[in-house]
Structures are given as C-alpha cells and as structure tokens.
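> make a model of this:
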Amino acid sequence: MLLTDHAWPDTRIEHEILQDAGFELHVMGAAPPATEQVEARVRELAPAAILTCWAQVNEAAISASAALRVVARLGIGLDNIAVDYATTQGVMVTNVPAYCVEEVSDHAVGMALAWTRGLVALDRQVRDGVWAPGQAQLRRLAQLTCGIIGYGRIGRRTAAKLHHGFGSRVLAFSRHPAPGYDSVEHVTLDALLTHSDIIILHAPLTPQTRHLVNRARLAKMRRGALLINVSRGGLVDNEALVDALANGTLGGAALDVLESEPAVPAALRTDPRVILTPHVAFSSDASVAELRRSACEEVVRVLRGQPPLHPCNTPHHWKPAA
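Numbering: from 1, shown residues only. Alright, predicted model coming up:
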C-alpha cells in the first residue's frame, strides 16, 4: 500500500487497519508530493493500492504499477484522481462520501452567522482598540435568502439547518435534484444568483464546474451578497472574485478553499470583508477518524475481492470474488 499524503498528525489508524489485514503500508509524508514524486514512488513500490488525500494520482502514476487494483480517496472529491483512466486499466476508485456532512454544513452555517453578526470583523476591530458598537452593521439571518449551489448530502443538510434552525428562506440549484418534498425552493442558477443574499457552494469540481462562479455570474448576484465556498477552490475564479469585492458587487466572501491554495492572494488576505479558513471545513476529531477508517477498510475489501461500499467507477474486467 502507498499513502501519498495525509492531513493529520500521524498514520496510526492507517497502519493498524492495513497491517492487521496483512498489508504493508508505505507513507510518503504529510505534505502532498509533486505528481512526478508520486509516479516515481509508485514505480518503485508497485503497490496494489494507493491512498491519497490531496496529492494528484494521474495517468502516469496509475500505469506505473501493474499490480495496482484500487485508488482510495481520503475524502469526497475526485478531481485529483484520473478516474476515467483508472477505469480503463481495471483499477477501482473509491471515496468516503458521507463522513463530514455535519462538519461542512456546520462550517457553511458558521460562516453565514459570522458575516451576519459581524463576528470576525468586530473581533478584529476590538483587538485593534476600536470599540464602536454604534457603527456595527448587522443583519438578521431569518430575514435573508440563502442560495445553495449543489444539493447533495451536504447541501441538503445545510439547507435544513438554515431553514429549520434559523428560519431563512432557502433556494437550491442542482443538476440532479434529489426526489421528494422538502422546504427548499428549487430554482435555476440565474434565479438563485439574482435572489440570494448568501450563496453557498456545495458543488463538486469537474471540468464542467471549474470557474462556475466567474465574472459573468458574479455580476448577476444581488449587490452586497456574501459568497461562501466550502467545496473546491476551482469553482471560483479568484481574479473575478477580487474584482467583485473591489467594485462592491459582493459584500463579502467566506472561503475555506481557494484555487490557488495554499497561496492566498494578497487582495483576499488583506480585505476585512473576507473570512478565510485553511481547507478545514471537513475536519473534526470524529470526522477525520471516520474518514481514515473508512478509506482503509474500502482498500481491504477491494483487495480481498469484495465490492467496495462506495465505488466511484466501474472498472473494465473487475469482478468481485465469488
């Protein structure tokens, strides 16, 4: 087994699960290695499984091990794995789709509250010696319309918390809306952009959704709105976002992810209307432990010839053991 990188202090859980199942685990390090380093290490070890957090597992890495049978994502999104190529090579791809539903939805709602109640901006003012309660411009979340782009597991949970917990009107846009009645108004993307005071991104990053929030769509947003991104940085065009803040189209942005991460554009870093967190919306003690266990257990299932619980492709010629 090869673990390319990890976003936690140690790899004890991974070693325990995989070694107890009779497999040997090699760890490249905590920080995501370059694609060339991943390919070289795969070629050297010829692993049967690759587990990856943020590192890119491209076509060259997949083809570098003739023994490779599974690539497991320690997370939900698959934009760092060459899934289509893995499929042609008979390699299973898995993820852990539900481990952080509560955490990411909490993070999105927390960012909305931080903006409406001025928590971050006012904290900065007080620490700078400014005590001016009369200048606070705060809003009531129950009177605002929240638009959710991407209505999967996390989007639905965010909607429930905003509507049932705070009384907000909630709009949703999804290419594949979930069946069944709920209290959300399903609208077109243009209608959501036009009528929302707060817009929350819960969409996956694909070639079709890259720069989903671009200059043209930012121009359609309600003036002074808040944009929250707790999904993938590539959904938002950084330069267009900076310009929308500068010209007043947006009243603020709350970003857990950036297309340039870990680099943060100076214009965003220094803007007091921008809330920034370092791609941690998924994280809690409970969610990270569940993620690590689930990803490793998927690897064990596949290598024992059993179907995974969460397959992300249908590999050519792959058949579960009888």
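> drop to CA atoms for contacts and neighbour counts, all remaining ones
Fine.
> quick check: buried residues in the helix or strand where Gly252 lies?
Using DSSP states H and E, Gly252 maps to strand 250-255. Residues of strand 250-255 classed as buried: Leu250, Gly251, Gly252, Ala253, Ala254, Leu255 (neighbour count, 16 or more other Cα atoms under 10 Å).
> if we look at the very next helix or strand once past that strand, which residues are touching it?
Remark: after strand 250-255, the chain's next helix or strand is helix 266-269, criterion DSSP H and E. Helix 266-269 is contacted from outside by Val242, Val274, Leu276, using Cα atoms under 8 Å, 6 or more residues apart in numbering.
> between the residues you listed, which is nearest Ala121?
Val274 (8.9 Å; Cα to Cα).
> got any ranges where this structure has weak pLDDT?
Applying pLDDT under 70 to the chain picks out residues 177-181, 321-322.
> let me know the outermost residue of it.
Relative to the centre of the chain, the most outlying C-alpha is that of Gly134, 37.5 Å out, by Cα atoms, centre = their mean.
> residues in contact with Gly251?
Going by Cα under 8 Å, 6+ apart, the list of residues near Gly251 reads Arg223, Gly224, Ala225, Leu226, Leu245, Arg273.
> how about 7 Å then?
Gly224, Ala225, Leu226, Leu245 (Cα atoms under 7 Å, 6 or more residues apart in numbering).
> need the residues that contact whichever helix in the chain runs longest.
Looking across the chain with DSSP state H, the single longest helix is helix 285-303. For helix 285-303, contacts defined as Cα under 7 Å, 6+ apart pick out 13-14, 17-18, 21, 49, 70, 72-75, 95-96, 99-100, 307-309.
> if we go to 8 Å?
Helix 285-303 is contacted from outside by 13-14, 17-18, 21, 48-49, 51, 69-75, 92, 94-96, 99-100, 103, 282, 307-310, 320, using Cα under 8 Å, 6+ apart.
> who does the strand holding Gly252 pair up with?
strand 225-229 (parallel), strand 274-276 (parallel) (DSSP bridges).
> so what touches stretch 74-82?
51-59, 95-98, 204-206, 291-292, 295.
> how about the strands paired with strand 250-255, which one is nearest Trp8?
The nearest among these, by Cα to Cα, is strand 274-276 at 19.9 Å.
> so what touches the closest one?
Here strand 274-276 has contacts from Met111, Val120, Gly252, Ala253, Ala254, Leu255, Asp256, Leu268, Arg269, using Cα under 8 Å, 6+ apart.
> put together JSON lines for the residues you listed, with distance to Val126 on each row.
Formatted as JSON lines, the contacts of strand 274-276 follow (distance: Cα to Cα, whole Å):
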{"residue": "Met111", "distance to Val126": "19"}
{"residue": "Val120", "distance to Val126": "10"}
{"residue": "Gly252", "distance to Val126": "20"}
{"residue": "Ala253", "distance to Val126": "21"}
{"residue": "Ala254", "distance to Val126": "20"}
{"residue": "Leu255", "distance to Val126": "23"}
{"residue": "Asp256", "distance to Val126": "24"}
{"residue": "Leu268", "distance to Val126": "21"}
{"residue": "Arg269", "distance to Val126": "19"}
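> residue contacts, the spatially most central residue of the chain?
Nearest to the mean C-alpha position of the chain, counting by Cα atoms, centre = their mean, stands Ser231 at 3.5 Å. For Ser231, the contacting residues are Leu201, His202, Ala203, Pro204, Asp256, Val257, by Cα under 8 Å, 6+ apart.
> how's the chain carved up into domains?
Domain ranges of the chain: 2-98+284-303, 101-276, per automatic domain parsing.
> now those domains as CSV including distance to His316?
Compiled in CSV, the domains of the chain are given as follows (distance: least, Cα to Cα, whole Å):
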stretch, distance to His316
domain 2-98+284-303, 5
domain 101-276, 22
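> which one of those lies closest to Thr314?
Nearest to Thr314, of those and by Cα to Cα, is domain 2-98+284-303 at 6.3 Å.
> how about the strands in this protein?
Here the chain has its strands, by DSSP state E, at 2-3, 26-27, 49-52, 70-73, 92-94, 145-149, 169-173, 185-186, 198-201, 225-229, 250-255, 274-276.
> of those strands, which approaches Asp128 most closely?
That would be strand 274-276 among those, by Cα to Cα, at 17.2 Å.
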